[in-house]
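In: predicted model follows, preceded by the sequence.
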Amino acid sequence: MLTVTADTLRSVAERIFVAAGAPAENARTVADHLVTANLCGHDSHGVIRIPYYVSQIRSGHLDPKARASILRETPTTALVSGNWAFGQVAAADGTRIAIEKARSAHVGIVSIVQCNHVGRLGEYVEMAVAEGMIGIAMVGGLRGLGRCAAPYGGIKGALSTNPIACGIPSADGRPIVIDFATTVVAEGKLQVLRAKKEPAPAGWIRDRDGNPSTNVEDFYNGGTLAIFGGHKGYALSLMAEVFAGTLGGIEQYQQGRISAGTFLMVFDPGAFRPVAEFAGDVSALDDELRAIPPAPGFSEVLVPGDVERRSRAQRYVEGIPVPEDTWERLQKTAGELGVTV
């Protein structure tokens with residue numbers, strides 16, 4: 001395992017994407033997003049994704065120069081095409097559209113189609129939080145090879161990881177940030193285990209015949225990810241599938257490609273009460289929860305977002321751990337593009 005500074009990883013990522021054809025602004029957006037994911041402890045959505053994104057550019061699936069555009073809109077809604085740009089670029093564009101609508105009409109709802117992998121979903125609800133607003137985001141509708149999760153009671157993949165995120169501002173600078181896949185783990189966690197050559201914990205995956213397995217390769221050989229929480233997690237996954245995929249009519253825009261839809265909703269708490277009062281009450285609620293005595297086996301009670309904030313602070317100082325396999329793949333990709341790492 002190597003330890004690399006955030007600034008070094010950001011520079012490497014940005015230079016690779018520029019060499020692959022991205023304008024500087026797009027390269028910077030994606031590099032910042034990936035390294036922030038690493039800083040937050042979500043290595044599955046960090047720089048491990050770079051070789052895959054470059055392969056998408058080479059295959060023509062991803063247009064590194066593209067930005068999102070509005071296909072249809074009302075004062076409070078917009079159907080947006082990602083135009084097969086970097087998913088991070090398209091989702092950030094869509095979030096800004098939702099924020100502007102919420103600024104003028106208290107709510108903004110955006111459905112993005114023709115969208116590549118958007119990375120860590122929490123990034124976009126954090127954009128809303130930075131504007132004093134509440135953000136909700138979902139991804140769903142992934143078709144083809146992306147159907148990696150079996151419905152509750154089934155053995156065949158019919159859904160994807162279908163993540164859900166929500167960001168809520170607070171007065172103390174510690175917003176609530178909820179961000180989770182509706183599968184037991186995100187598929188990228190398996191990529192990290194694969195890079196480390198480690199088995200998966202029990203309960204994460206099933207093989208192609210529906211049998212529980214800890215062999216990561218069983219997943220990539222036709223297996224499935226388990227949905228968390230039994231029938232309740234399945235219901236949340238289905239909700240994300242409809243909101244992010246079906247609502248925007250994603251299949252009408254696929255053009256023979258594998259992609260998911262992204263649903264974004266931003267709303268202004270000021271529509272209901274003074275924002276400062278709301279944020280203060282959120283902080284008070286946080287403090288009340290953190291003051292609860294911990295149960296046996298726990299050292300403290302946390303609030304969603306705490307773990308990522310602590311990881312970000314620690315890794316920025318101590319560096320980001322990068323598996324040797326991941327670093328070698330980054331070096332190989334960089335070398336093919338004439339970039340020195």
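Out: Looks like it arrived, so ask away. Predicted model, so just to flag it, every value in this text is computed and none were measured. Numbers count the residues shown, from 1 in each chain.
In: quick check: domain ranges of the chain?
Out: The record's domain parsing of the chain by automatic domain parsing lists 1-65+305-341, 67-183+227-291.
In: mind putting those into TSV with mean neighbour count?
Out: Quick note: C-beta positions are derived from backbone N, CA and C, even for glycine. Listed next are these as TSV, based on neighbours: other C-beta atoms under 10 Å:
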stretch	mean neighbour count
domain 1-65+305-341	18
domain 67-183+227-291	20
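In: what packs against the helix or strand containing His231?
Out: Here His231, judged by DSSP states H and E, is contained in helix 230-241. Judged by 3 or more C-beta pairs under 8 Å, 6 or more residues apart in numbering; DSSP states H and E, the packing partners of helix 230-241 are strand 134-140, strand 164-168.
In: let's see 10 Å
Out: strand 134-140, strand 164-168, strand 260-267 (3 or more C-beta pairs under 10 Å, 6 or more residues apart in numbering; DSSP states H and E).
In: let me have those in CSV, extended by mean pLDDT.
Out: Shown next, in CSV, are the helices and strands packed on helix 230-241 (pLDDT from 0 to 100):
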stretch, mean pLDDT
strand 134-140, 97
strand 164-168, 98
strand 260-267, 96
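In: out of those, which is closest to Pro296?
Out: Closest to Pro296 of these, according to C-beta to C-beta: strand 164-168, at 29.4 Å.
In: report the angle between that closest one and strand 260-267.
Out: 20 degrees (axes from the mean of the first three to the mean of the last three C-alpha atoms, to 10 degrees).
In: right, and the helices and strands packed on helix 230-241 - which one's nearest Glu217?
Out: Comparing these by C-beta to C-beta, strand 260-267 comes nearest, at 24.1 Å.
In: can you name every helix or strand that the helix or strand just after that closest one contacts?
Out: Remark: after strand 260-267, the chain's next helix or strand is helix 275-290, criterion DSSP H and E. Using 3+ C-beta pairs under 10 Å, 6+ apart as the contact test, the elements touching helix 275-290 are strand 164-168, strand 176-180.
In: list the helices and strands the helix or strand following the last one packs on?
Out: Pointing back at strand 176-180 there. Per DSSP H and E, the first helix or strand lying C-terminal to strand 176-180 is helix 187-196. Packed against helix 187-196 by the contact rule (3+ C-beta pairs under 10 Å, 6+ apart) you find helix 216-220, strand 224-225, helix 324-336.
In: now do the stretch of helix or strand Val18 belongs to against helix 324-336, angle only.
Out: Assigned by DSSP H and E, Val18 belongs to helix 6-19. For helix 6-19 against helix 324-336, the angle between stretch directions is 40 degrees (the same axes, to 10 degrees).
In: show me what the helix or strand that helix 6-19 is followed by is packed against.
Out: Downstream of helix 6-19, the next assigned helix or strand under DSSP H and E is helix 24-39. Counting contacts by 3+ C-beta pairs under 10 Å, 6+ apart, helix 24-39 packs against helix 6-19, helix 50-59, helix 87-105, helix 122-130, helix 306-318, strand 320-322.
In: run through who's touching the helix or strand just after the second one.
Out: This points to helix 50-59. Next helix or strand after helix 50-59 toward the C-terminus (DSSP H and E): strand 69-73. Applying C-beta atoms under 10 Å, 6 or more residues apart in numbering, the set of residues contacting strand 69-73 from outside is 78-83, 85, 90, 93-94, 97, 101, 108, 110-114, 248, 253.
In: just the ones in helices from those, please.
Out: Using DSSP state H, Ala90, Asp93, Gly94, Ile97, Lys101 are the members of the contacts of strand 69-73 that sit in helices.
In: mind putting those residues into CSV with distance to Ser11 and pLDDT?
Out: Formatted as CSV, those follow (distance: C-beta to C-beta, whole Å; pLDDT from 0 to 100):
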residue, distance to Ser11, pLDDT
Ala90, 24, 98
Asp93, 24, 98
Gly94, 27, 98
Ile97, 30, 98
Lys101, 35, 98
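In: let's have the helices and strands packed on helix 187-196 in JSON lines, adding distance to Val184 and mean pLDDT.
Out: Listed next are those as JSON lines, based on distance: least, C-beta to C-beta, whole Å; pLDDT from 0 to 100:
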{"stretch": "helix 216-220", "distance to Val184": "12", "mean pLDDT": "92"}
{"stretch": "strand 224-225", "distance to Val184": "7", "mean pLDDT": "92"}
{"stretch": "helix 324-336", "distance to Val184": "22", "mean pLDDT": "96"}
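In: residue ranges with poor pLDDT in this protein?
Out: 143-146 (pLDDT under 70).
In: for the residue sitting nearest the centre point of it, helix, strand, or coil?
Out: Nearest to the geometric centre of the chain sits Arg120, at 2.3 Å (C-alpha atoms, centre = their mean). Taken by DSSP: H, G, I helix; E, B strand; the rest coil, the conformation at Arg120 corresponds to coil.
In: pretty sure it contacts Ala92?
Out: No - here Arg120 lies out of contact with Ala92, judged by C-beta atoms under 10 Å, at a distance of 11.8 Å.
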